[in-house]
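Chemist: here is my input, please return the structure:
(2 chains)
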2 protein chains.
Amino acid sequence: MAKNMQEGITAKKSDNFSEWYTQVLQKAEIADLRLGIKGFITIRPWGAMIMENMFRMYEDELQKKGHLPVIMPSVIPESNLKKEANHILGFTPQVFWLEAEKGEERLALRPTSETVFTPMFALWIRSHRDLPMKLYQKGSVFRYDTKATRPLIRGREFQWIECHDAFATREEAIKQTHEDMDTTEKIMHQKFGVPFLAMKRPEWDKFPGAEYTIGSDVFMPDGKLIQQPSTHMMGQKFSRAFGATFKDEQDKEDYLYTTAYGPAISRILVSVMSLHGDDKGLIVPYCLSPVKVIIVPIYNMKNKSKVLKYCKEINSKLSKLDIQNWLNNKEGYSPGWKFNESELKGIPFRLEIGEQEVKSKKVTLFTRDIGKKEKLFVKSLSKLKKLGQDYDERLKKKADKLMDNRIANCRTKEEIKKVLNSGKIARVNFCSVDKSGEKCAEHVKKELGAEVRGTLADKNEKPSGNCIICNTRAKAVVYIAKSY
Amino acid sequence: MAKNMQEGITAKKSDNFSEWYTQVLQKAEIADLRLGIKGFITIRPWGAMIMENMFRMYEDELQKKGHLPVIMPSVIPESNLKKEANHILGFTPQVFWLEAEKGEERLALRPTSETVFTPMFALWIRSHRDLPMKLYQKGSVFRYDTKATRPLIRGREFQWIECHDAFATREEAIKQTHEDMDTTEKIMHQKFGVPFLAMKRPEWDKFPGAEYTIGSDVFMPDGKLIQQPSTHMMGQKFSRAFGATFKDEQDKEDYLYTTAYGPAISRILVSVMSLHGDDKGLIVPYCLSPVKVIIVPIYNMKNKSKVLKYCKEINSKLSKLDIQNWLNNKEGYSPGWKFNESELKGIPFRLEIGEQEVKSKKVTLFTRDIGKKEKLFVKSLSKLKKLGQDYDERLKKKADKLMDNRIANCRTKEEIKKVLNSGKIARVNFCSVDKSGEKCAEHVKKELGAEVRGTLADKNEKPSGNCIICNTRAKAVVYIAKSY
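Modeler: Numbers count the residues shown, from 1 in each chain, chains lettered A, B, ... in the order given. Predicted coordinates for the structure are as follows:
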C-alpha cells in the first residue's frame, strides 16, 4: 500500500481525461499493467474489493429475479462454437485457441458461453414444468482483440456475469430482455449511480447470432460513449442449432426461446470511476466502498496512547454498528499522507481524531465528495449510515445531470460534427436500421468518426424526413455518437 | 430441477463408494459431465451455491488474517513460467498452452500463480514498511493431467483460492505456513466438518520450487486419502528468480521470503460430500447449505389455500429470522417427490406442513442427518439456528470418529499390505524423507500400490530401527497410505 501514493493526481479530469484515468488507475491502486501481457492486467486489492461488492449486489438482484448460479468450463470445444453460423462468424476472429492435444478436440477460451449453456439446456429441460430456467455464471471471458487495448475498457480478459435464460414462449423471452434492462437500471444506475441510454442496436451491430440486442450507453467525461450491459434476444436460433427442445402443456415438442444478458463488472467499474471521480482521485459510492470510514489518528509523542485508545473505541463502535471501517495507525506515515491516500482511493468518510476530539467526545468528519469538514458527537456515529445513503444519492444526481441536454437534433452532417465535438449525441433521421442501412452507417464512421448507436429501446420514434446520409426516405430515428 | 431426481441413490456408500459418488453428483444436481470435454465439468446451481458459501467462509477467515484479494490474469507468459528452474520442471508437462499469436509471446493457462505474483511483489514492495504483504485470488486454474480425470477430484480445471504472501524474514514465512494450517483447521475442519492429518511432504513430493510443503490428508470412505489444502514455504527461491527485493530497517537490500497456500474449493467439496453423505444422498452442513430449511406443503383440493397461506407465513417468519428457506410449492410434484429431492440434496431441515399443522400452530420438523421427525411450535422457529449449530457439531463429531484407530504401526511389508487393505494408514520406520529416500518410496508405490505421505507436520517423531524397505538405519517415521 505504499510507494505510488505520495503524489496526488497531476492531470485535470476535465482537461485531459485519458491521463487522469491512467493516473487514477495507478495511484488509487486499482490496477497495474506492469506484468506486460498485452490486454491482460492485474487488479489490485482496492479494485478487487470494489468489484467484489459490485458482483454481490448484481448477483443478489439476479437471484431475487430467479436466476441461479452455475460454473461452466472456461473452454469451449471448436464444434460447439461452430454450431450457430452467425455466432461463429462474429466471434471466430476474436477467439484464443489452445494448442490442441493429440487426439483431442481443439478448444477455445470462452469469449461468451451460449454454445455451452444451450446444449446443457437441451439436457436439463424436458418439459414446460422445468421452465423458465434462468442461470448465470461469473468469471473471466477472453477475446483476442487486435485493436489497442485500454485497461478495464478494452482488454483480452475481463470479469463479467453472463445470464442465460430459457423460456417456453417468445413473449416470455422478450419480457426477459426488458427485465434485464430493469436490472441494469436498478443496479448500475440506482445503486452505482451510473445513468445510461437504452439503445436497440442496428442489425449490423447486434450480438452475433441474436435476433436483437439492447445495449446501454454511458457517457464518459470526454463526451464519448462506452457500452455497458447488453441483453440479447436469441429467439430459437441457438436452441435450433443445438436441438434444445421441450414439451409444452399439450405434450408438443418445440424449441426453447433463449436470452442472454452480460454485465461486465470490470467495465462498469470504469464508468463508476470516471463519472464520480474528481481531480483529487476516486470517489467511490458508499455502497461499493470496501471501507466506508477511515479513521486517521493525529498525535504527538505525548498524547499518542490517549489518542490511539480513543480511536480504537471509535473503531469498535463503528464495527458494532456494522460499518466497515479502517483505523489507519500505520507507523511512519504522516496524517497528511493518510488524508491524501484516502482521498485518492475515494473513501466516503474520514474521521480525523486528535487530542481536541478526545477531549470534546467528538470526531472531525470529512466527507469526500463535497470536501466538507464538520464535528460529530461520538454518540451520533450511527448517523453515518444515513449520511452514506445521502452520499450515494448525491453522486447519482450529479451523474444524472451530465445527461441533461446531451442529445441534439441534427439535420446536416455539419451539425452532427459540431454536436459531436461538443461531447453530445446527435439525433437524426436515418434510412434504416436493417441491413440496408449499414452502408450509411459506414459512411458515418468514416466521415464523422462516429457510430450509429441505434434507436431508443423503450420508445418507438417516428422519423419525418429523409436520411441524413443517403437522402432516401428515413425509416428510423437514430442516435449517433463517438464511442470507446 | 427435475428429471434426474425421481429416483434415489441405488448404490450403498459403504459397498460401492465410487458408484455412490457418481450417482450423488448427478442426482443431487451437483455437477454434470455431459458437455463431454475431458477433465472439464459443469457445476450446477446446487453445487455452485454450496461452493459460493465455502468461498465466502474461507475468504472471511483469510481477510481476518490480513489477506487482501487481487485478480491476476488467467494466463502466464512462457518466460515467467521458466524463471524458477524446479518450478518449470514440475509444471511444464501439466500446462495448457495457447496458440501463439504472431509476434507475441507464448502464453500458458495458469497452473498456479507464483510466477506472476512474485514479479508484482518486486514492483509493489520497496521497503520493510510494505511488509508483510498477504494477497489471495480466487478462480480457476488449469492443469493438463494425462491421468484419468474424476469429476471434482482430479480435473483439468478447478476452482480454488491461492494465497501468496511476502515477508521480511524466514521466521515470519515459516510462521505463515503454520497460520495456513490453522486456517485449514478453522475452516475445513471446524466449519465444514472435514478432519485431516497434517503431513510434511517428503522432498520428492513437495511443491515444485518450494523449500518444503505441508499438506493435509483426508480420508475417503473407501479408505484412500485425498490431498486437501497445502501450504508451501518458498524461502527466497522465487524472489531470487524474479529479483524481488526489499530494504530492511537498516536500509540493507534483501530478497523477500514468500509462501503460498492453496485451498481447492471444488476438491474440498468432494470431502464434504463424501464424509457426510449417506445412502439417501448428500448431507450438507447447515453453515454451507444454500437452503437451511425447505418447507413442503401437504394439501388436497379442499384445504390447499389454507395450507399454502400458513406455509407463506412460516416462510416469511423464517426470512425475518434471516434463515434461508425455500417454500417448495411447485405444482405437479407430490410431497413425497419433494421429500426425496430435499434428502438427495442434503437440506438440513424440512418442515412438513398439512392441515394438522395449521390447526395446532405447529410444524413437523424433519432433521436430515438423524432422520428424526418432531413437532415444533411456530413460535419456536428461531430455535432452528441453534439446532443448525448442533447439526454441524454432530456431523463434525461423526467425521472425526472416522479418524479413530486409523493409524497402525507396521514392521513388515506384509503388515503394511494388511493395514492398507483394511482402509488404514501404515506408520513405519523409513530410511529418509530426503532425496535419498525416493527409491524406497518408489518401491512402496510399485509393490504396495501406496504412497509415502510424509512425516507428521506438528510433531518430530524419532524412529527406532531400520527402514522397512531397504533395511538401512531409519531417519524418519513416515505414514504410508493409498491415495487419490
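
Chemist: residues from the stretch 251-400 of chain A in reach of chain B?
Modeler: The stretch 251-400 of chain A comes close to chain B at residues A:Lys330, A:Glu331, A:Gly332, as judged by C-beta under 8 Å from any C-beta of the partner chain. Yep, even glycine has a C-beta here, placed from its N, CA and C like the rest.

Chemist: what about those residues, which one has the most neighbours?
Modeler: A:Lys330 (12 neighbours; other C-beta atoms under 10 Å in any protein chain shown).

Chemist: which residues sit in contact with it?
Modeler: Contact partners of A:Lys330, counting by C-beta atoms under 8 Å, 6 or more residues apart in numbering or on different chains, are A:Lys338, B:Arg129.

Chemist: phi, psi for it please.
Modeler: Taking degrees, to the nearest 10, you get phi -60, psi 130 for the backbone angles of A:Lys330.

Chemist: ok, now A:Phe246?
Modeler: Main-chain dihedrals, A:Phe246, degrees, to the nearest 10: phi -150, psi 160.

Chemist: before we move on, the earlier item: dump the residues of the stretch 251-400 of chain A next to chain B to JSON lines, plus pLDDT.
Modeler: What follows is these, written out as JSON lines (pLDDT from 0 to 100):
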{"residue": "A:Lys330", "pLDDT": "90"}
{"residue": "A:Glu331", "pLDDT": "86"}
{"residue": "A:Gly332", "pLDDT": "84"}
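
Chemist: the most centrally placed residue in chain A and A:Asp205: what is the separation?
Modeler: In chain A, the residue lying closest to the centroid (C-alpha atoms, centre = their mean) is A:Ile268, at 1.6 Å. Taking C-beta to C-beta, to the nearest Å as the measure, A:Ile268 falls 20 Å from A:Asp205.

Chemist: tell me the mean pLDDT for the helix or strand hosting A:Lys396?
Modeler: In this assignment (DSSP states H and E), A:Lys396 forms part of helix A:383-401. Computed over helix A:383-401, the mean pLDDT rounds to 98.

Chemist: per-residue confidence for the residue nearest to A:Ile88 when sequence neighbours are not counted?
Modeler: Spatial nearest neighbour of A:Ile88, chain neighbours left out: A:Lys82 (4.8 Å); criterion: C-beta to C-beta, 6 or more residues apart in numbering or on different chains. pLDDT, A:Lys82: 92.

Chemist: what pairs with A:Cys163 across the strands?
Modeler: On the basis of DSSP bridges, A:Cys163 is bridged to A:Tyr136, A:Tyr261.

Chemist: OK, contacts around it?
Modeler: Counted by C-beta under 8 Å, 6+ apart, A:Cys163 has contacts A:Leu62, A:His67, A:Lys134, A:Leu135, A:Tyr136, A:Asp180, A:Thr259, A:Ala260, A:Tyr261, A:Gly262.

Chemist: what do you get if the cut-off is 6 Å, keeping everything else the same?
Modeler: Neighbouring residues of A:Cys163 by C-beta atoms under 6 Å, 6 or more residues apart in numbering or on different chains: A:His67, A:Tyr136, A:Tyr261.

Chemist: neighbouring contacts of stretch A:29-44?
Modeler: Here stretch A:29-44 makes contact (C-beta under 6 Å, 6+ apart) with A:25, A:46-47, A:149, A:151, A:155-157, B:70-73, B:77, B:123.

Chemist: closest one to B:Ala168 out of the contacts of A:Cys163, please.
Modeler: Comparing these against B:Ala168 with C-beta to C-beta places A:Tyr136 closest, at 43.0 Å.

Chemist: now do the helices in the stretch 51-200 of chain A.
Modeler: Taking DSSP state H, counting those that start in this stretch to define them, one finds helices in the stretch 51-200 of chain A at A:78-81, A:85-91, A:114-124, A:170-183.

Chemist: then the stretch 351-484 of chain A?
Modeler: Here the stretch 351-484 of chain A has its helices, by DSSP H, counting those that start in this stretch, at A:355-360, A:383-401, A:413-421, A:438-448.

Chemist: for the first one, the averaged confidence score.
Modeler: This means helix A:355-360. For helix A:355-360, the per-residue pLDDT averages 96.

Chemist: got the contact list for that helix?
Modeler: Residues outside helix A:355-360 that contact it (C-beta under 6 Å, 6+ apart): A:Asn303, A:Lys306, A:Tyr310, A:Val363.

Chemist: got a winner among the residues you listed for most neighbours?
Modeler: Among the contacts of helix A:355-360, the one with the most neighbours (other C-beta under 10 Å) is A:Val363, at 26 neighbours.

Chemist: so that one touches A:Arg350, yeah?
Modeler: No: look at A:Val363 against A:Arg350 with C-beta atoms under 6 Å: they stay out of range, at 9.6 Å.

Chemist: name the residues of the helix or strand bottoming out on mean pLDDT in chain A that are buried.
Modeler: Taking mean pLDDT, DSSP states H and E as the measure, chain A has helix A:85-91 as its least confident helix or strand, at a mean of 83. Neighbour counts using 16 or more other C-beta atoms under 10 Å in any protein chain shown place A:His87, A:Ile88, A:Gly90, A:Phe91 of helix A:85-91 among the buried residues.

Chemist: which of the residues in stretch A:99-111 are buried?
Modeler: By neighbour count on 16+ other C-beta under 10 Å, the buried set for stretch A:99-111 is A:Leu107, A:Ala108, A:Leu109, A:Arg110, A:Pro111.

Chemist: which ones are touching the first one?
Modeler: Going back to what we said before, that points to A:Leu107. Neighbouring residues of A:Leu107 by C-beta under 6 Å, 6+ apart: A:Val75, A:Pro77, A:Leu98.

Chemist: could you find the closest non-adjacent residue to it?
Modeler: In space, A:Leu107 is closest to A:Val75, 4.2 Å off (C-beta to C-beta, 6+ apart).

Chemist: so what's A:Asp254 bridging to?
Modeler: As assigned using DSSP bridges, the partners bridged with A:Asp254 are A:Phe246.

Chemist: pull the number of nearby residues for it.
Modeler: If we define neighbours as other C-beta under 10 Å, then A:Asp254 has 15 of them.

Chemist: got the contact list for A:Asp222?
Modeler: A:Phe17.

Chemist: distance of it relative to A:Ile50?
Modeler: As judged by C-beta to C-beta, A:Asp222 and A:Ile50 stand 22 Å apart.

Chemist: helices of the stretch 201-350 of chain A, start to end?
Modeler: Ranges of helices in the stretch 201-350 of chain A, per DSSP H, counting those that start in this stretch, are A:237-241, A:265-276, A:304-320, A:335-345.

Chemist: could I get the ones you listed as CSV with distance to A:Glu355?
Modeler: Formatted as CSV, those follow (distance: least, C-beta to C-beta, whole Å):
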stretch, distance to A:Glu355
helix A:237-241, 67
helix A:265-276, 34
helix A:304-320, 6
helix A:335-345, 13
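
Chemist: closest one to B:Gln190 among those helices?
Modeler: Across those, the minimum distance to B:Gln190, taken as C-beta to C-beta, is reached by helix A:304-320, at 22.8 Å.

Chemist: what packs against that closest one?
Modeler: strand A:293-297, strand A:325-327 (3 or more C-beta pairs under 6 Å, 6 or more residues apart in numbering or on different chains; DSSP states H and E).

Chemist: tell me the buried residues in that helix?
Modeler: Residues A:Val307, A:Leu308, A:Tyr310, A:Cys311, A:Ile314, A:Asn315, A:Leu318 are the ones in helix A:304-320 that count as buried (16+ other C-beta under 10 Å).

Chemist: same check, this time on stretch A:376-391
Modeler: Neighbour counts over stretch A:376-391 (16+ other C-beta under 10 Å) mark A:Leu376, A:Leu381, A:Leu384, A:Leu387, A:Gly388, A:Tyr391 as buried.

Chemist: need the CA coordinates for it. PDB is fine.
Modeler: What follows is stretch A:376-391, C-alpha atoms only, in PDB (Å, rounded to 0.1, in the frame of the first residue of the first chain):
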ATOM      1  CA  LEU A 376     -19.900  14.900  15.100                       C
ATOM      2  CA  PHE A 377     -20.600  13.600  18.500                       C
ATOM      3  CA  VAL A 378     -19.400  10.100  19.100                       C
ATOM      4  CA  LYS A 379     -22.900   9.200  20.200                       C
ATOM      5  CA  SER A 380     -24.100  10.200  16.700                       C
ATOM      6  CA  LEU A 381     -21.800   7.900  14.800                       C
ATOM      7  CA  SER A 382     -24.800   5.700  13.700                       C
ATOM      8  CA  LYS A 383     -25.800   8.700  11.600                       C
ATOM      9  CA  LEU A 384     -23.100   7.700   9.100                       C
ATOM     10  CA  LYS A 385     -25.300   5.000   7.600                       C
ATOM     11  CA  LYS A 386     -27.900   7.600   6.700                       C
ATOM     12  CA  LEU A 387     -25.200  10.000   5.600                       C
ATOM     13  CA  GLY A 388     -23.900   7.200   3.300                       C
ATOM     14  CA  GLN A 389     -27.200   6.900   1.600                       C
ATOM     15  CA  ASP A 390     -27.300  10.700   1.100                       C
ATOM     16  CA  TYR A 391     -23.800  10.400  -0.300                       C
END
